[in-house]
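*Asks:* would you be able to build a 3D model of this:
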Amino acid sequence: MYLHNSKMKSEYWSYLWLVVGFVFLIFSNGIWNIIPIATWLAPVFLIRFLRTQTKIKGLLLFAPVYLTAWIIMLYGVYPGEVKVSLVTASAYGIFFPAFYC
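*Replies:* Predicted coordinates for the structure are as follows:
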């Protein structure tokens with residue numbers, strides 16, 4: 001029973017690292033209120049999440065979250081050019097997660 005609760009706590013913390021990294025990532029760049037410390041902390045929490053997961057499961061959960069963060073960050077950066085923002089965000093969201101592994 002204790003081992004089961006311990007594993008559940010571990011999973012809880014793992015997903016918490018992902019959510020915190022996601023929030024920091026949104027405020028680390030783009031047109032939102034940039035918080036300089038978020039630029040440094042986002043990768044720490046995202047890497048921590050990936051280290052608590054298997055590679056495949058971690059990337060399958062991490063890539064869409066990372067892509068979503070980049071879409072939010074770059075939305076409106078290129079005024080009137082939503083396609084450019086989406087293409088740029090998609091490029092970052094698809095290719096950068098590979099560097100975290």
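
*Asks:* from here on, just use CA atoms for contacts and neighbour counts.
*Replies:* OK.

*Asks:* packing partners of the least confident helix or strand in the chain by mean pLDDT?
*Replies:* Across the helices and strands of the chain, mean confidence by mean pLDDT, DSSP states H and E is lowest for helix 82-95: a mean of 73. In terms of contacts (3 or more Cα pairs under 8 Å, 6 or more residues apart in numbering; DSSP states H and E), helix 82-95 is packed against helix 55-74.

*Asks:* so which residues make contact with the helix it packs on?
*Replies:* Contact partners of helix 55-74, identified using Cα atoms under 8 Å, 6 or more residues apart in numbering, comprise 18, 22-23, 25-27, 29-32, 49-50, 85-86, 88-90, 92-94, 97, 101.

*Asks:* repeat that for stretch 13-27.
*Replies:* The contact list for stretch 13-27 (Cα under 8 Å, 6+ apart) reads 32-35, 38-39, 41-46, 48-49, 52-53, 62, 65-66, 69-70, 72-73.
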